[in-house]
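**Q** Take a look and give me a structure for this.
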Amino acid sequence: MKIFLKTYKNPLNFKKLSIILDTICKMKGGILLKNFFGSIFINRNKLIEAGINYPIKVEYYKIINEEEKIKENKLIYGIQIIKTEYKEKIGIEQEKIEHITNDENEITKILSIMKENEVTPIGLEDVILEIKTRLDIAKNKKMSYNT
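**A** All right, here's what the predicted structure looks like:
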């Protein structure tokens, strides 16, 4: 993976930085593509009830692991959620799960549920486990009806 950065002082720094970034990407599990799914601002009434007097934006992304696609010729989908708190000092919190499913329709359903229910990064893992459990139960029921 080539990363092009604009450098102003020392062109040798670009080469070092490129090698470092390539190494980090490989250590972290490869090349990830991040596709924007949608964003919301948390409902103002909910924030006021919780004693929060500043807006909170939540962004949802579909992650595709390109390295897995290259190795095994299949796509692996994940989710990243980024929460931005607009207070005196802007705060950003994020969480991602890279390997959730290889079914694009399933990841789209999960992202829709998360966006609709205003899931923040702290709840990502628990909500994924709950949704996956319910989807598996539904699939098993459907399969048992067909046999």
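
**Q** May I see the buried residues of stretch 124-139?
**A** For stretch 124-139, burial by neighbour count (16 or more other C-beta atoms under 10 Å) applies to 124, 127, 128, 131. C-beta here means a position set from N, CA and C on the backbone, and glycine is covered the same way.

**Q** Stretch 39-46: how far from the chain's middle?
**A** 19 Å (C-alpha atoms, centre = their mean, to the nearest Å).

**Q** If you count neighbours, what's buried in it?
**A** For stretch 39-46, a neighbour-count test (16+ other C-beta under 10 Å) marks 40, 42 as buried.

**Q** which other residues reach that stretch?
**A** Contacts of stretch 39-46 with the rest of the structure, by C-beta atoms under 8 Å, 6 or more residues apart in numbering, involve 55, 56, 57, 58, 59, 60, 115, 118, 120.

**Q** In PDB, list the C-alpha atoms belonging to the helix ranked longest in the chain.
**A** Scanning the chain for the longest helix, with DSSP state H as the assignment, gives helix 124-146. Taking C-alpha atoms only, helix 124-146 is exported to PDB below (Å, rounded to 0.1, in the frame of the first residue of the first chain):
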ATOM      1  CA  LEU A 124     -21.100  -1.400  19.700                       C
ATOM      2  CA  GLU A 125     -19.800  -4.800  20.900                       C
ATOM      3  CA  ASP A 126     -22.900  -5.500  23.100                       C
ATOM      4  CA  VAL A 127     -25.300  -4.500  20.300                       C
ATOM      5  CA  ILE A 128     -23.400  -6.600  17.700                       C
ATOM      6  CA  LEU A 129     -23.600  -9.700  20.000                       C
ATOM      7  CA  GLU A 130     -27.300  -9.100  20.600                       C
ATOM      8  CA  ILE A 131     -28.200  -8.600  16.900                       C
ATOM      9  CA  LYS A 132     -26.000 -11.500  15.700                       C
ATOM     10  CA  THR A 133     -27.700 -13.800  18.300                       C
ATOM     11  CA  ARG A 134     -31.200 -12.700  17.100                       C
ATOM     12  CA  LEU A 135     -30.200 -13.100  13.400                       C
ATOM     13  CA  ASP A 136     -28.800 -16.600  14.100                       C
ATOM     14  CA  ILE A 137     -32.000 -17.600  16.000                       C
ATOM     15  CA  ALA A 138     -34.200 -16.300  13.100                       C
ATOM     16  CA  LYS A 139     -32.100 -18.200  10.500                       C
ATOM     17  CA  ASN A 140     -32.300 -21.400  12.500                       C
ATOM     18  CA  LYS A 141     -36.100 -21.100  12.800                       C
ATOM     19  CA  LYS A 142     -36.400 -20.400   9.100                       C
ATOM     20  CA  MET A 143     -34.300 -23.500   8.300                       C
ATOM     21  CA  SER A 144     -36.300 -25.700  10.700                       C
ATOM     22  CA  TYR A 145     -39.500 -24.600   9.000                       C
ATOM     23  CA  ASN A 146     -38.100 -25.500   5.600                       C
END
